[in-house]
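>>> Predicted model, plus sequence, below.
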Amino acid sequence: MTAKEKIYKWIEENREEVTGLLQKLIQAPSVNPYFDEETIYMKEGDAQRVLEAYLKDMGMTTEYTYPDAKKLASYEGKPGYYADHTFEDRPNLYAELKGTGGGRSIMLSGHIDVVQRGSKWTQDPFGGKIIGNRLYGRGAVDMKGGIAAMTCAVKAIQESGMKLKGDIRIGTVVDEEAGGMGTLALVAEGYRADGCLITEPTHLKIAPLCRGILWGKLTIEGRAGHIELKQGDFRTGGAVDAIDKASLYLEQFRRLNKEWSVAKEHKYLPIPCQIHIAQFQAGEYPTTFANRAELTFNAQYLPSEKDENGLGSKVKKEIEEFVKHVALTDAWLTDNQPKVEWLIDADCGETLDDQPFFKTVRDSARKVNPDSVVEGICCHTDMGWFCNVGIPTLNIGPGDPRLAHQADEFIEIEELLTCTKMIASIVMDWCGAEENS
């Protein structure tokens with residue numbers, strides 16, 4: 001039996017260890033306080049302490065660090081920095097297992113925070129219940145399942161009598177679900193490795209990039225007037241329906257998306273970047289033309305489009321210019337220019353396919369799961385800052401990402417175990433290993 005076969009055998013024989021760790025993590029609720037849940041659920045520190053105990057039992061050295069907006073003030077204007085975020089009992093956890101020497105180091109990273117539990121659950125969102133081959137709970141997919149898989153992958157290597165040559169570093173961070181200040185702090189504190197694997201849910205796909213995400217709000221002014229009466233020209237005091245003007249933008253965004261579907265595609269992404277209207281708010285009374293319309297939108301951008309700060313200012317400018325151009329086609333909008341307000345700019349990252357880490361991850365993963373395809377992540381992950389400081393980074397994790405943030409979020413146990421094997425294979429091939437003497 002080969003070394004890897006021994007590791008895979010340990011994972012199969014100790015599947016309850018893998019699922020048990022995930023259950024304990026889910027049972028320590030860690031809702032990001034951004035979502036304004038009851039105080040009882042705002043304890044990212046509790047989940048970190050569950051993981052720390054497990055890592056210490058494995059013989060890893062551990063330490064907590066706390067993001068601090070004042071200490072990170074030099075990063076203002078860069079990805080992940082928010083001056084108003086606070087971190088009481090919201091620590092990052094860093095752990096390390098030294099290798100024997102002569103190998104490459106790897107960082108295994110993931111975020112410990114989860115979104116709000118939400119409504120319409122039929123299972124306890126913090127129960128971690130197993131029904132058949134499914135394990136339920138908030139964070140089962142996004143992304144405590146990935147954290148359990150990467151942690152147990154390292155333990156499986158240890159328990160199978162292997163000693164890694166390169167160092168293993170584990171960094172679990174807070175605040176990913178509200179902007180990524182945890183990863184910013186981890187990187188700013190100087191934690192590094194020769195390669196980084198983020199175990200966000202990818203359904204076992206190999207993801208060498210994630211897109212940047214912009215949230216914006218377009219405000220279009222109108223002029224109220226009685227909706228049942230004939231209105232004259234706006235220049236002589238007539239009403240202007242903001243909903244009608246907003247419909248012009250809806251039509252023009254559809255046109256722009258056709259252009260973006262060609263100009264903003266990537267060989268490793270299943271869909272191109274687009275602008276999607278997520279919210280439409282307008283009007284005050286059923287008898288009055290809307291005097292204002294607000295369109296909240298989501299726009300994505302590629303790693304090749306990010307600016308010198310690693311953000312999407314170039315795409316912001318492109319959208320702002322588009323809004324101005326559309327306004328010039330309408331007399332009212334020309335005189336009453338719509339305004340764009342930017343709400344979120346979540347950064348992106350990419351590791352090119354000619355890099356050694358990409359090739360090792362791809363080939364090692366496929367030794368376990370030949371069906372794993374290379375496909376980028378269409379939403380945001382924390383990989384941007386690792387890439388920014390020169391650490392090649394890829395995402396591989398268990399779970400269908402479409403189940404993230406849903407009621408009755410669940411992970412398939414067999415997929416969780418397969419991913420644990422994949423991560424163990426990657427770690428072995430990247431770090432190098434030898435039999436314990």
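Perfect, thanks for sending it. Numbering: from 1, shown residues only.

>>> Run a quick neighbour tally on Gly59.
Neighbourhood size, Gly59 [other CB atoms under 10 Å]: 10. Just so you know, the C-beta spots here come from the backbone N, C-alpha and C atoms, and that holds for glycine as well.

>>> what about it, is that helix, strand or coil?
Put simply, Gly59 is coil when judged by DSSP: H, G, I helix; E, B strand; the rest coil.

>>> With Asn298 as the reference, measure out to it.
Distance, Gly59 to Asn298, using CB to CB, to the nearest Å: 44 Å.

>>> now the helix or strand that contains Val427: mean pLDDT?
Here Val427 sits within helix 413-431, counting by DSSP states H and E. Taken as a whole, helix 413-431 carries a mean pLDDT of 98.

>>> Please identify the buried residues of it?
The neighbour-count check on helix 413-431 (16 or more other CB atoms under 10 Å) flags 413, 415-431 as buried.

>>> Past that helix, which element shows up next along the chain?
strand 433-435.

>>> Quick one: list the elements packing against that following strand.
strand 162-164 (3 or more CB pairs under 8 Å, 6 or more residues apart in numbering; DSSP states H and E).

>>> could you give the mean pLDDT of the strand it packs on?
95.

>>> now stretch 254-269
Stretch 254-269 comes out with an average pLDDT of 98.

>>> hey, where'd the strands end up in the stretch 301-437 of the chain?
Remark: strands assigned in the stretch 301-437 of the chain by DSSP state E, counting those that start in this stretch are 339-346, 349-350, 393-395, 410-412, 433-435.

>>> mind putting those strands in a markdown table, mean neighbour count and distance to Glu76 included?
Output for those, formatted as a markdown table (neighbours: other CB atoms under 10 Å; distance: least, CB to CB, whole Å):
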| stretch | mean neighbour count | distance to Glu76 |
| --- | --- | --- |
| strand 339-346 | 16 | 13 |
| strand 349-350 | 27 | 20 |
| strand 393-395 | 29 | 24 |
| strand 410-412 | 25 | 37 |
| strand 433-435 | 16 | 43 |
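
>>> nearest to Trp385, of these?
Nearest to Trp385, of all the strands of the stretch 301-437 of the chain, is strand 349-350, at 7.8 Å by CB to CB.

>>> now for the closest one, which elements pack on it?
Using 3+ CB pairs under 8 Å, 6+ apart, strand 349-350 is in contact with strand 209-210, helix 383-388.

>>> Need the winner for burial among these.
Mean neighbour count, computed with mean count of other CB atoms under 10 Å, is highest for strand 209-210 among those, reaching a mean of 28.

>>> Just name whatever secondary elements that strand is in contact with.
strand 349-350, helix 383-388.

>>> can you list contacts of the last one?
Pointing back at helix 383-388 there. 79-80, 107, 109, 180, 183-184, 186-187, 196, 198, 209-210, 212, 310, 347-351, 393-395 (CB atoms under 8 Å, 6 or more residues apart in numbering).

>>> do stretch 22-35 as well
In contact with stretch 22-35 (CB under 8 Å, 6+ apart) are residues 37, 40-44, 46-51, 90, 112-117, 126-128, 130, 135, 137-140, 144-145, 147-148, 174-178, 411, 416.

>>> if we go to 6 Å?
37, 41-42, 44, 46-47, 50, 112-116, 126, 128, 137, 139, 144-145, 148, 177-178 (CB atoms under 6 Å, 6 or more residues apart in numbering).

>>> got it, and stretch 273-283?
Residues contacting stretch 273-283 (CB under 6 Å, 6+ apart): 242-243, 253, 257, 260, 264, 290, 293-301.

>>> Tell me the buried residues in it?
Cys273, Gln274, Ile275, Ala282, Gly283.

>>> what two of the residues you listed have the greatest distance between them?
Taking CB to CB, no two of the buried residues of stretch 273-283 sit farther apart than Cys273 and Gly283, at 30.8 Å.

>>> neighbours around Gly137, how many?
29.

>>> Helices along the stretch 51-200 of the chain, start to end?
144-159, 181-188 (DSSP state H, counting those that start in this stretch).

>>> counting contacts, what elements does the last one pack onto?
I take that to be helix 181-188. strand 168-173, helix 383-388 (3 or more CB pairs under 6 Å, 6 or more residues apart in numbering; DSSP states H and E).

>>> In CSV: these, plus distance to His325.
Compiled in CSV, the helices and strands packed on helix 181-188 are given as follows (distance: least, CB to CB, whole Å):
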stretch, distance to His325
strand 168-173, 40
helix 383-388, 30
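
>>> returning to that earlier point: what is the nearest of the contacts of stretch 273-283 to His203?
Gln300 (19.4 Å).

>>> Parallel or antiparallel, which strands does the one helix or strand the closest one maps to pair with?
Gln300 belongs to strand 292-301 when elements are defined using DSSP H and E. If you go by DSSP bridges, strand 292-301 pairs up with strand 212-221 (antiparallel), strand 275-282 (antiparallel).

>>> looking at these, which is closest to Gln406?
Closest to Gln406 of the strands paired with strand 292-301, according to CB to CB: strand 275-282, at 16.9 Å.

>>> tell me, what residue is most central in the chain?
Residue closest to the average C-alpha location in the chain (CA atoms, centre = their mean): Thr381, at 3.0 Å.

>>> quick check: domain ranges of this protein?
Domain assignment for the chain by automatic domain parsing gives 3-209+348-435, 212-346.

>>> ok so, going back, turn the helices and strands packed on helix 181-188 into CSV, including distance to Thr202 and mean pLDDT.
Formatted as CSV, the helices and strands packed on helix 181-188 follow (distance: least, CB to CB, whole Å; pLDDT from 0 to 100):
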stretch, distance to Thr202, mean pLDDT
strand 168-173, 18, 98
helix 383-388, 12, 97
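
>>> rewinding a little: which one of the strands of the stretch 301-437 of the chain has the lowest average pLDDT?
Lowest mean pLDDT of the strands of the stretch 301-437 of the chain: strand 433-435, a mean of 86.
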